[in-house]
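Asker: need coordinates for the following:
(one chain, ligands or ions: 2)
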Amino acid sequence: MTAISLEHVSKKYPIYRKPSDKLLELLTLKTRSFHDEFWALKDVNLHIEPGSTVGIIGANGSGKSTLLQLVAGILRPTLGVISVQGKVAALLELGAGFNPNFTGRENVYMNASIMGMQKAEVDERFSEIEWFASIGEFMDQPVKTYSSGMFMRLAFAVAINVDPEVLLVDEVLAVGDIVFQHRCMHRITQLRRAGKTILFVSHDLQAVIRFCDRTVLLDHGSVIEEGEPYAVVQKYLEIFFERERRRKHLTGDDLPYIGRIDPSITVVNTIPHMDRRFGNGKARIHGILVLDGQHRVLNQIRADDTVIVRITARFEELVEHPIIGFTLRDHLHVEISSTNTSYEKMKLPPAHPADFMTVDFRMRVPPMRPGSYSISPAVASGNIWEHDICDWVDNAYILTLLDTELVYGMWKLDVEASYRVT
Ligand SMILES: Nc1ncnc2c1ncn2[C@@H]1O[C@H](COP(=O)(O)OP(=O)(O)O)[C@@H](O)[C@H]1O
Ligand SMILES: [Mg+2]
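Answerer: Ligands and ions are numbered 1, 2, ... in the order given. Alright, predicted model coming up:
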């Protein structure tokens, strides 16, 4: 069974070079064409299971919003068939479903009734909607006086309070403030737990990895990858880096600090684990190790320990401005933190073919939640703002953080609590 299915769906937009061309076309009763055609979606096939949360990612203009508007029934496909099971609530780009001349309150009732709610039900939910939107007196003002942020708040408040079976969310959370974003994510998580089907467009790739069961990558209107979110996000980043690389001729940076040279650092030449690897191959990660203060190899760490992450890269070609770094992730692939030599204000010297360069990152283990963590090392060329990935090795080193203290959430805050009774 599928909640949403698209079979060979394509969407064509007419493109008029000037507005008067549209008029010309109408005057000829469309017997002559004055427009070009643009296919925003090309032969898209998707089958989305009920209760799943599916992320849609892709560059600007890749067709994400068009896809959601088709599923919402706001647009019709030029070719193909779409079917959606159950009540749909859509949070699309501005404008969806509100009448600007009516007040917020009136729009809530109209909108909710379009989505199949009875007046009595809306009455019952109204205070919740009002709380969620938190737009105060504006509830009784015409919607046309709203800021785009207020508009989105109200639209969201209605959409998630009408008990939709299918929720469509298009990059709208970026509009609200932080408190509102949290409120929305919390609510989306609740709907997810309640078994609703969610289509989620976002540029926040971490959120996509965290929230989605599956992810679809759109590129120029076609689905080019679909599957496990983490893998699809990696694919997207690969394509993105590759395009950036072609687009820019990189210049080096001028960092003020040269790194400290430590003659006791030795080359490491094992990569214990490898999930995925990508890069332009100008340099390769040669090895990674995590050591304690006495240079003993570690697989288990404790909060507060001093550890050294040692990474060796081998260069195949001249790299004028090398950068070496790593990303630390938890067992859900959520990025905990990342750093690199450039970020640590260390300027590495140019590397020549067959050079080995080894960097030590010495640090204190933060009071994170016990469990397993992975380190993904990378070598790049450029600076922190603009760089090409030469080699990236996913999850090369796995560490277990031992259970030494109770941690709620991701890590323990550095808190000093005090109190008074009055
Ligand atoms: N109404 C329209 N008329 C003509 N072209 C459009 C229209 N809406 C979107 N497009 C074009 O279709 C492509 C996909 O747009 P969209 O679905 O908004 O992409 P995304 O949401 O991924 O950024 C873009 O190139 C955009 O310019
Ligand atoms: Mg869009």
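
Asker: which parts of the one helix or strand M357 maps to are buried?
Answerer: Element membership for M357, per DSSP states H and E: strand 356-364. Of the residues in strand 356-364, those buried by neighbour count under the rule 16 or more other CB atoms under 10 Å are 357-361. Using the backbone N, CA and C atoms, a C-beta is placed for each residue, glycine as well.

Asker: which of those lies closest to ligand 1?
Answerer: Top of the list for closeness to ligand 1, among those and by CB to the nearest ligand atom, is F361 at 37.2 Å.

Asker: got the residues of this structure near ligand 2?
Answerer: Within the chain, the positions adjacent to ligand 2 are 64-65 by CB under 5 Å from the ion.

Asker: show me where pLDDT drops low in the chain?
Answerer: Applying pLDDT under 70 to the predicted model, the residue ranges of the chain that meet it are 93-96, 172-177, 244-259.

Asker: residue in it nearest to ligand 2?
Answerer: With distances taken as CB to the ion, the chain approaches ligand 2 most closely at S65, which sits 3.2 Å away.

Asker: okay, now that residue: neighbour count?
Answerer: Each residue near S65 was counted by other CB atoms under 10 Å, and the total is 18.

Asker: phi, psi for it please.
Answerer: The phi and psi values for S65, taken as degrees, to the nearest 10, are phi -70, psi -40.

Asker: tell me which other helices or strands whichever strand or helix holds D391 touches.
Answerer: Secondary structure here is read from DSSP H and E; on that basis D391 sits in strand 387-393. Helices and strands in packing contact with strand 387-393 are listed as helix 229-247, strand 277-278, strand 283-292, strand 371-382; criterion 3 or more CB pairs under 8 Å, 6 or more residues apart in numbering; DSSP states H and E.

Asker: winner for burial among those?
Answerer: The highest mean neighbour count among the helices and strands packed on strand 387-393, using mean count of other CB atoms under 10 Å, belongs to strand 371-382: a mean of 23.

Asker: kindly export that one (C-alpha atoms) in CSV.
Answerer: Once side chains and other backbone atoms are set aside, the C-alpha atoms of strand 371-382 remain, and they are given as CSV (Å, rounded to 0.1, in the frame of the first residue of the first chain):
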residue,chain,number,x,y,z
GLY,A,371,27.6,5.4,23.3
SER,A,372,29.4,4.9,20.0
TYR,A,373,30.8,7.7,18.0
SER,A,374,32.5,7.8,14.6
ILE,A,375,35.2,9.9,13.2
SER,A,376,35.3,10.7,9.4
PRO,A,377,38.6,12.1,8.3
ALA,A,378,39.1,14.3,5.2
VAL,A,379,41.8,16.0,3.3
ALA,A,380,40.9,19.0,1.1
SER,A,381,42.5,21.8,-0.8
GLY,A,382,41.6,25.5,-0.4
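
Asker: give me the sheet partners of that strand and which way each runs.
Answerer: Strand partners for strand 371-382, identified by DSSP bridges, are recorded as strand 322-330 (antiparallel), strand 387-393 (antiparallel), strand 397-401 (antiparallel).

Asker: follow-up on the earlier one: and the angle for the strand holding D391 with helix 229-247?
Answerer: With axes from the mean of the first three to the mean of the last three CA atoms, to 10 degrees as the criterion, the two stretches strand 387-393 and helix 229-247 enclose an angle of 140 degrees.

Asker: now the residue most central in space within the chain: closest residue in space, sequence neighbours ignored.
Answerer: Among the residues of the chain, the one closest to the centroid is L205, at 1.6 Å (CA atoms, centre = their mean). Leaving aside its sequence neighbours, L205 sits nearest to V233 (CB to CB, 6 or more residues apart in numbering; 4.9 Å).

Asker: equivalent analysis for T266, please.
Answerer: With sequence-adjacent residues excluded and distances taken as CB to CB, 6+ apart, T266 is closest to T358, at 7.1 Å.

Asker: is the one you found in contact with N269, as I believe?
Answerer: No - here T358 lies out of contact with N269, judged by CB atoms under 8 Å, at a distance of 10.0 Å.

Asker: who touches both of the two?
Answerer: Where contact means CB atoms under 8 Å, 6 or more residues apart in numbering, the residues bridging T358 and N269 through contact with each are T312.

Asker: on that earlier part again, what's across from the residue nearest to T266 in the sheet?
Answerer: For T358, the beta-bridge assignment (DSSP bridges) gives partners T312.

Asker: grab the CA positions of stretch 209-223 and hand them over as CSV.
Answerer: Output of stretch 209-223 as CSV, limited to C-alpha atoms (Å, rounded to 0.1, in the frame of the first residue of the first chain):
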residue,chain,number,x,y,z
ILE,A,209,19.2,12.8,8.2
ARG,A,210,17.6,13.0,11.6
PHE,A,211,13.9,13.1,10.7
CYS,A,212,13.5,11.1,7.6
ASP,A,213,13.1,7.4,7.0
ARG,A,214,13.9,7.9,3.3
THR,A,215,15.2,10.7,1.1
VAL,A,216,14.8,11.5,-2.5
LEU,A,217,17.4,13.6,-4.4
LEU,A,218,16.1,15.7,-7.3
ASP,A,219,18.3,17.1,-9.9
HIS,A,220,17.0,19.2,-12.8
GLY,A,221,13.6,17.7,-12.4
SER,A,222,14.6,14.0,-12.2
VAL,A,223,15.0,11.7,-9.2
